[in-house]
Structures are given as C-alpha cells and as structure tokens.
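Undergrad: sequence and predicted structure are below.
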Amino acid sequence: MGDFQGFGQKAIPFLKALDFHQSREWFLENKALFESDLREPLGDLVETLTERFSAAGLGLKGDRKKSLFRINRDVRFSKDKRPYNRHLSAILSPDGTKMEQGVFFVHIGLERCFAAVAWWQPEAALLLAMRKAIAESAPQFRRMVTALKKNGLELDAGERLKRAPRGFLQVWQPDLAGPIRSRHFVVRHAIDPRRSIRPRWPTNWSTSRCAPGRYSTGAGQSSARPAETIISADRLGQSNSCDSARGAAYIAPLMQSGMPAE
C-alpha cells in the first residue's frame, strides 16, 4: 500500500503545459512525468485514505486503479474537442466503485483543488428520501449543518430548483426549503495546491531533521512522525477533509432512511 507524501513538484506545471499543448504526442513524450508526479501520488492518496477511513469506521474505500478517473476527455458529444482534462480526480465510495452514492471525491486541477463528500444526481427515490429526511427530521438536519459550519464547511447551494418540489410546499423555513430544492448534496473542502506538493528535500535528506517520517523535537532530537512540511494523509485524512467524511457518515443514514440520526 502506498504512503501518500504529496504530489510531485511538477504536478501543476504539467497540467498547465498539457492544457497548452493538448496533443497526444506531447502527452506521450511526458507520460512518465504524469505518472510519477500526478497519477501515482493520487493512487497513494486513495489507498492511504481508504486505510484511514477504515480505521475511523467510515464506510468509504477505493482502489489505486479503479478509483482514478482518466485524464482523457470524452469528446464524442462535445463541441469542445480538446483531448485532455485540466484536472485529475479520484473517488472513494461505500462499495469502492464509481457508481455508488455518498462518495468522497478528490479533485486536483488548474481552476481549483478540493476534496468533497457528495450525493451527485441521486436517483429519484433516494432524492425523495433525502428531502423527506430534511423536512421530517429538521432538528437533526440543523445539528448536522451546525457541525459542518464549526469545521468551516457547508452544504453547496448550487443547482437548486427555483420552486419547491411537489409535496414540499408546506416547508417554508429558508434553512430547510433551500436544501430541499437541491438537485445534489455536496460538501466541499478547498485544498491549497501549494500545500499538496512534496517539498524539495536537501541532498542529505535522509539525515535531515526535515526528512520524511521525522520531525525535530528540539535539543537535536527527532522522532518518527510525518514532517510538518509534508502534506500527507495526516492532514487530508484527519483535518477538515475527514470532517467532511464524518459529515457524510452522519448525513447518510439520516437522508437515505429518513430516520433521525443520533
């Protein structure tokens, strides 16, 4: 299992260059860089998060091969014929596939980098159950929203119906009516690209106090823990990103079953 230590120094520059060239020839010439600085680290991240989510009792898992999305674009029905995406992404889900709902999504791109928990375009029956859960279990829903806000997170307010869906006209409270009009349920956590890149280690990094897996405790002592300068799963899996996943663990039973979640 890979141990995520951050993306390569040339990860974002590679995406910029690929976006400029948008040619298969250029991509093939630089594929080794794509693999070493982007795809392999993202695979490590998926495996590391799978391990940490399992240890935390969160039902989300992935695979370094099956969970990563292709960087090639599907241009069959698009007017935009550029062959490559401006980002790379991966998904962790309850069953490890890309078809399940209630997923953890990681997106590394030129416009933005983020981690998210999402129920994206849920089927009609699930969407109805989620809306009913909001209306019928308002106190629990509000506690969940409050818990997200305490961690600097919130439900995405994008892509909402202009009017209340059928059967929910009686819900007038703005904090309930808005989410009920949602087509998707998403919680995003922005990632600073600069903090997701592996640092440049000095030549004698193996003995440095900043070396991977070690940190200074003062008085010339060191201890075997991830260095503070490494953006590893310690931050992505135990900070607000994990809070997003905990939000998913809380909201899933509430919205899918319509029963109060304690």
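TA: All right, it came through fine. Numbering: from 1, shown residues only.

Undergrad: partner residues bridging the residue sitting nearest the centre point of the chain?
TA: By Cα atoms, centre = their mean, the mean C-alpha position of the chain lies nearest to Ala115, the distance being 2.5 Å. Beta-bridge pairing of Ala115 under DSSP bridges involves Val106, His189.

Undergrad: low-scoring stretches of the stretch 151-262 of the chain, by residue?
TA: The stretch 151-262 of the chain contains residues with pLDDT under 70 at 200-262.

Undergrad: repeat that with 50
TA: Where the stretch 151-262 of the chain drops to pLDDT under 50, the residues are 201-262.

Undergrad: distance check, the residue nearest to the centre of the chain against Lys149.
TA: 17 Å (Cβ to Cβ, to the nearest Å). For glycine as for every other residue, the C-beta is placed from the backbone atoms N, C-alpha and C.

Undergrad: isn't the residue nearest to the centre of the chain right up against Phe105?
TA: Yes. Assessed by Cβ atoms under 8 Å, Ala115 is found in contact with Phe105 at 6.9 Å.

Undergrad: where along this structure do the strands fall?
TA: 87-92, 103-109, 113-119, 185-190, 215-218, 221-223 (DSSP state E).

Undergrad: can you lay out the ones you listed as a markdown table showing distance to Leu49?
TA: Listed next are the strands of the chain as a markdown table, based on distance: least, Cβ to Cβ, whole Å:
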| stretch | distance to Leu49 |
| --- | --- |
| strand 87-92 | 6 |
| strand 103-109 | 7 |
| strand 113-119 | 9 |
| strand 185-190 | 13 |
| strand 215-218 | 22 |
| strand 221-223 | 24 |
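
Undergrad: now do the same contact list for the closest residue to Lys10 other than its chain neighbours.
TA: The shortest distance from Lys10 to any non-neighbouring residue, by Cβ to Cβ, 6 or more residues apart in numbering, is to Asp37 (5.0 Å). Residues near Asp37 by Cβ atoms under 8 Å, 6 or more residues apart in numbering: Phe7, Gly8, Gln9, Lys10, Ala11, Phe14.

Undergrad: and the last one, what's its pLDDT?
TA: Yep, that's Phe14 we're talking about. For Phe14, the model assigns a pLDDT of 96.
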